[in-house]
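Enquirer: Sequence and predicted structure, then a few things I'm wondering about:
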Amino acid sequence: MEAGMKSKIIYCINFIWTSCVAFSFPICFGLIYLNITGHAKGYSYDLGSEKDVSIMLGCVELLIWLALALPSNIYIFRKTLRKGKAYLLIPIAWYIVLAVICLMITFGGWSEYAKEVFHVRKIELNGNEDTDIVFYNGTEYLSGLFYCADDDRRIIGRIDHGARVYTVGSDTSPQYLLIVGRDNSGTFIAEGASVPTSGKITKILIDPGIRSDNSQYLSSADEIAVIDEITNLSGEFQTFRVDNYYTNGNAFYYVYNNSNVSCNENYGGYIAFTEGKWIYAPPENRPVWTGECNGVTIEALVIDDEEIIEKMCRTDMVKYIDYQK
């Protein structure tokens with residue numbers, strides 16, 4: 001067989017394979033995206049402890065897809081490029097057409113695909129993140145501050161100007177709404193509802209509202225027990241200087257009765273590492289800002305029980321804190 005004919009056959013085989021990859025891309029991307037974001041069984045199902053498995057599976061799927069897709073695509077683009085840059089538009093346009101055909105056949109179009117994969121749809125909501133009142137599904141929601149972990153909120157759609165709307169709890173009749181816009185966000189509580197401020201502690205939020213990442217929280221019985229030990233410490237209060245309130249320590253807030261929301265009234269205190277010691281400041285001992293960047297002084301107890309410190313350092317309570325073990 002002539003070398004030229006062999007090269008054409010190899011090119012055709014790779015082109016057919018890359019066409020199959022392009023056609024199946026929306027499906028593969030959707031599956032990989034849902035797994036990596038922890039929604040392997042859809043947005044209406046809470047994976048809970050299975051989320052880590054979902055993420056790991058998504059990463060494995062991504063590696064497999066790259067291994068199957070990249071070599072042939074690189075080969076096609078390199079061979080086509082030899083004929084001239086303009087010729088690259090042919091396979092690119094062809095791949096886009098195939099992906100669109102797949103979208104139309106399997107999902108009925110982009111809007112349904114976005115709804116299924118990204119859980120994005122336009123919803124009817126009167127108001128936005130900057131108003132004092134919003135109306136959704138016949139319920140009035142009043143502006144009211146609450147905190148929640150990222151894992152406990154679910155996107156239900158977008159409103160006219162593109163802001164994303166999240167619920168905490170039921171999608172159809174939630175008690176809490178979070179609207180996140182491009183420049184601002186707002187939290188709203190259903191009329192007649194409130195954030196529980198007493199009862200059984202079911203979660204502890206770590207610095208909610210301080211960082212864009214609100215994924216850190218304590219929820220296991222052992223983690224909550226460690227914080228309970230710390231908050232029940234006794235001794236003589238001392239004055240400590242904390243160079244940076246945000247990087248040297250973490251504030252925490254209680255969540256009661258599985259509500260998945262907290263508020264300022266549920267502030268549990270502040271744990272920090274400063275002057276070579278772990279300290280705990282109860283809610284009544286608020287920091288005094290020194291005026292030097294984020295420096296504060298605070299009245300706190302020294303946490304000197306090594307067993308407590310060891311257990312605490314195994315939790316996310318100390319994440320982001322600059323300390324040396």
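Expert: Good, I have the coordinates.
Enquirer: By mean pLDDT, point me to the weakest helix or strand of this protein.
Expert: Least confident helix or strand of the chain, by mean pLDDT, DSSP states H and E, is helix 110-117 with a mean of 78.
Enquirer: Contacts for that one next, please.
Expert: With contact meaning Cβ atoms under 8 Å, 6 or more residues apart in numbering, helix 110-117 is reached by 26, 29, 30, 33, 34, 103, 107, 120, 121. All C-beta atoms are positioned from the backbone trio N, CA, C, and that covers glycine.
Enquirer: Look up how far residue 105 lies from the first one.
Expert: According to Cβ to Cβ, to the nearest Å, residue 26 stands 10 Å off from residue 105.
Enquirer: So those two - more neighbours on which side?
Expert: residue 26 (22 against 10; other Cβ atoms under 10 Å).
Enquirer: isn't the more buried one right up against residue 108?
Expert: No - at 11.8 Å, residue 26 and residue 108 do not qualify as touching, with contact defined as Cβ atoms under 8 Å.
Enquirer: Doesn't residue 65 belong to a helix?
Expert: Yes - under DSSP: H, G, I helix; E, B strand; the rest coil, residue 65 falls within a helix.
Enquirer: Quick check: buried residues in the host helix or strand of residue 72?
Expert: Take DSSP states H and E as the rule and residue 72 turns out to sit in helix 51-81. Buried residues in helix 51-81, counted by 16 or more other Cβ atoms under 10 Å: 51, 54-55, 57-58, 61-62, 65, 69, 72-73, 75-76, 79-80.
Enquirer: Return the mean pLDDT over it, rounded to an integer.
Expert: The pLDDT scores in helix 51-81 average 92.
Enquirer: by contact count, what packs against it?
Expert: When contacts are defined as 3 or more Cβ pairs under 8 Å, 6 or more residues apart in numbering; DSSP states H and E, helix 51-81 packs onto helix 3-36, helix 89-106.
Enquirer: Nearest to residue 166, out of the ones you listed?
Expert: Residue 166 sits nearest to helix 3-36 of all the helices and strands packed on helix 51-81, at 17.7 Å, using Cβ to Cβ.
Enquirer: what does the average pLDDT come to for the closest one?
Expert: Averaging pLDDT along helix 3-36 yields 90.
Enquirer: ditto for stretch 224-240
Expert: Per-residue pLDDT over stretch 224-240 has a mean of 95.
Enquirer: That stretch spans what distance, first to last residue?
Expert: End-to-end span of stretch 224-240 (Cα to Cα, to the nearest Å): 25 Å.
Enquirer: of all the helices and strands packed on helix 51-81, which lies closest to residue 142?
Expert: With Cβ to Cβ, the closest approach to residue 142 among the helices and strands packed on helix 51-81 belongs to helix 3-36: 34.2 Å.
Enquirer: For my notes, confirm residue 165 occurs in a strand.
Expert: Yes - according to three-state DSSP, residue 165 belongs to a strand.
Enquirer: and it, how many neighbours?
Expert: Neighbours of residue 165 using other Cβ under 10 Å come to 24.
Enquirer: Repeat that for residue 298.
Expert: Applying other Cβ under 10 Å, we find 21 residues neighbouring residue 298.
Enquirer: Tell me the spacing between it and residue 317.
Expert: Taken as Cβ to Cβ, the span from residue 298 to residue 317 is 17 Å.
Enquirer: Could you chop the chain up by domain?
Expert: Listed by automatic domain parsing, the domain ranges of the chain are 3-117, 125-190, 201-318.
Enquirer: Now do the second one: distance to the chain's middle.
Expert: Read it as domain 125-190. Relative to the mean C-alpha coordinate of its chain, domain 125-190 is positioned 16 Å out (Cα atoms, centre = their mean, to the nearest Å).
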